[in-house]
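> Structure of the sequence below:
(one chain, ligands or ions: 1)
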Amino acid sequence: MRENTTAQDLKDLVDDLNFAQKVDRSLGLIKEAYEEFGDRMVAANSLGKDSVAVWHLVKRVAPEARGFIVTTRFKPAETVKFMREQVKRYPELRIFKNDDPIPDPELYRTAPDLCCNLLKVQPVQRAIEEMGVDCWVTGLRCTEGRTRTDYREIEERDKGLIKLNPILLWHEREVWQYLALNQVPVNPLYAEGYRSLGCAPCTSISSKGDERAGRWIGTSKCGGECGIHTRPLKTAKA
Ligand code: SF4
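So this is what the prediction gives:
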């Protein structure tokens, strides 16, 4: 599959398409990917609202589709509990976690990029390798924050690995609209005021405009990325 929409077209579509049109577009993208890749299309699930919306969309298209969750030793207890509930309901969700020792118990404070690389990026690389993924489906959205404006719905940043971002054009409120209309369970931390969820030491409640403003506050990564959307993932086969 190939991206055939320009960056400017995508920017316009964010506000030109209505909610129902966006849902149809997302389902169409997933269907196209599943027809091409079959079982080698796998959904990444971070257990955040965008991921559970994408997982629900994927399941509508392909009930047998597989997924993976990357978790870390620093995830909040609520997220771990939610993860167990999700895996119980969907055993086809595999969990990947790096439990190896890290150079500093507070690595998230002293070297957050290294911490994310060891605990998030490397397990994603392992998931891609072990699950034989040729197309991974993500919950990335271009209105989510300053670091998420330069993406396409279909990307091939790693040779031989398609990244499908089927809800790229959705606004935050449209994600909640979809989840409410379809009665999709969400991580209970949202009820406490979080808008974007990650590891406990690096996630705060923030009422600032940027949806990801509560991530990595006080570090160079503030409002930024863990690296799974920016680092090479298919290293083993590249
Ligand atoms: S989000 Fe924080 S604790 Fe989690 S892997 Fe990244 S730096 Fe480490």
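> packing partners for the longest helix along the chain?
In the chain, with assignment by DSSP state H, the single longest helix is helix 19-37. Helix 19-37 is packed against strand 41-44, helix 49-61, strand 135-137, strand 161-164, helix 172-181, with contacts defined by 3 or more CB pairs under 8 Å, 6 or more residues apart in numbering; DSSP states H and E. From N, CA and C alone the C-beta is placed, and that goes for glycine too.
> and the first one, how far out from the chain's middle?
Relative to its chain's centre, strand 41-44 lies at 10 Å (CA atoms, centre = their mean, to the nearest Å).
> So which residues make contact with the host helix or strand of residue 129?
Using DSSP states H and E, residue 129 sits within helix 122-130. Outside helix 122-130, the residues within contact range by CB atoms under 8 Å, 6 or more residues apart in numbering are 42, 44, 68, 70, 94, 96-98, 133, 136, 161, 228, 233-237.
> Next step: these restricted to strands.
Among those, the members found in strands (DSSP state E) are 42, 44, 68, 70, 94, 96, 136, 161.
> Show me how far stretch 173-182 is from its chain's centre.
Taking CA atoms, centre = their mean, the mean C-alpha location of stretch 173-182 is offset from the chain mean by 17 Å.
> quick one: contacts of it?
By CB under 8 Å, 6+ apart, stretch 173-182 touches 19, 22-23, 49-50, 52-53, 56, 141, 167, 170, 184, 186.
> what is the mean pLDDT for it?
Averaged across stretch 173-182, the pLDDT comes to 98.
> what comes up buried for that stretch?
Burial within stretch 173-182, assessed by neighbour count using 16 or more other CB atoms under 10 Å, is assigned to 174-175, 177-179.
> cool, and stretch 197-210?
So, applying 16+ other CB under 10 Å, buried residues of stretch 197-210: 197-200, 202-204, 206, 210.
> Contact residues of the chain facing the ligand?
Applying CB under 6 Å from any ligand atom, one finds that the chain approaches the ligand through 72, 74, 108, 112, 115-116, 119-120, 198-199, 201-202, 226.
> surely residue 163 meets residue 153?
No: contact between residue 163 and residue 153 fails when scored by CB atoms under 8 Å: they sit 9.4 Å apart.
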